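1. Predicted model, plus sequence, below.
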Amino acid sequence: MAIQTTRYGIHWAGSIAFLHQARGASNALGLRESSPFTVKTARNIPCNHMVQLAALTPARQHLDKLEELVSRSNLARFMLPIPKGDQLDAGVLFSNDHDADLLQVAFLARMSGPVRMPVCWANTVSLQTLVAELSATDVQPLVLAGVTPGHLKLARDAMRESRNAPRKLLVMASKDTPLAGDLDGSWLFEQDEAELGLLPFESLGATVLRAFMRKEYDNGFLKRPLPGNEAKLVRGNV
C-alpha cells in the first residue's frame, strides 16, 4: 500500500532516497525499486522542479567554482537543492539588499531545475499561498522578494510558518525594512555576472543532490564526483 505524503522532494525508504517530482520518483543508486510514496500537495500545487539526476557531472573547473561559491557565500550554500539541515537552523535566510542580490539568486535558483522561477513577490502574494508553497517540496528554496516596510506582517508570518515547513525560505527586503532572520547580514559574493551566467547550474545542482541522496554530500563533497568529460581510470591502464 502506498504511503501518502504532502510534498515533493526527498523521501527516504530505509537507506534509499527517492526524489519525487511531477513525472514520478527516481533514486540515485540506479536501483529498479519503486518508491513506496505518492504525493498530493496542499491546494494541489504542482511540482516546480525538474532536477535531472542522470545529468553528467560538470567539468572539474565548474565543480571547483561551485565549491568556492558555497564555501564563502551563505547565499550559494542556502540555494543548494538539498533539504534543510542542522546547519540551516530553521531554514530562513534574510537579505536587506534586494536589488543587488536578485540576479545572483536567479542564477543560483537554476540549481533546482525550476519549471518556473521559485520567486513570490510580496505585493502580489497572500500568506495562504506562501504557506502552501512552503509545504510543497524540500529541495527547492522559496524566495519572497520585494519586501518593504509595508509587507512586514506578511514577511514575519511567512518566516514563522517556514520553521515547521519542509522548504527553505529566502526573504529579500529593502534596506529600510526592519527584519531579522536566522542567517542575516550581507552575503553577496563578488563574481563576474558573465562568468556566473556561463556556469552549468542545472548540472551542478543535480550533482549535489545526487551526492546527497548517496550520502556523499555534507557541507561539501565527501567523495569527489568524476567529471563527465574525464575518462574513468581502469585498473591496468597506463
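-> Alright, I've got the coordinates.
2. Which residues are in contact with the residue nearest to the spatial centre of the chain?
-> By C-alpha atoms, centre = their mean, the chain has its centre lying nearest to Pro81, at 2.8 Å. When contacts are counted by C-beta atoms under 8 Å, 6 or more residues apart in numbering, Pro81 is found next to 49, 51, 111-113, 139-140, 205, 208-209. Yep, even glycine has a C-beta here, placed from its N, CA and C like the rest.
3. Which parts of the chain are strands?
-> Taking DSSP state E as the test, the strands found in the chain are 3-5, 9-13, 16-21, 24-27, 37-39, 92-95, 119-121, 142-147, 169-173.
4. mean confidence score for the fifth one?
-> In this model, strand 37-39 has an average pLDDT of 96.
5. and it, which strands flank it?
-> Here strand 37-39 is paired, per DSSP bridges, with strand 3-5 (parallel).
6. what sits up against the partner strand?
-> Strand 3-5 is contacted by residues 11, 20, 36-40 when judged by C-beta under 8 Å, 6+ apart.
7. Now it: buried residues?
-> By 16 or more other C-beta atoms under 10 Å, the buried positions in strand 3-5 come out as Thr5.
8. how far is that strand from where the chain is centred?
-> Taking C-alpha atoms, centre = their mean, to the nearest Å, the mean C-alpha location of strand 3-5 is offset from the chain mean by 22 Å.
9. for stretch 48-67, same thing?
-> With C-alpha atoms, centre = their mean, you get 13 Å for stretch 48-67.
10. Just the closest of the contacts of Pro81 to Thr177, please.
-> Gln140 (24.3 Å; C-beta to C-beta).
11. Now do the contacts for that closest one.
-> Applying C-beta under 8 Å, 6+ apart, we find Gln140 in contact with 9, 48-49, 81, 112, 114, 118, 167.
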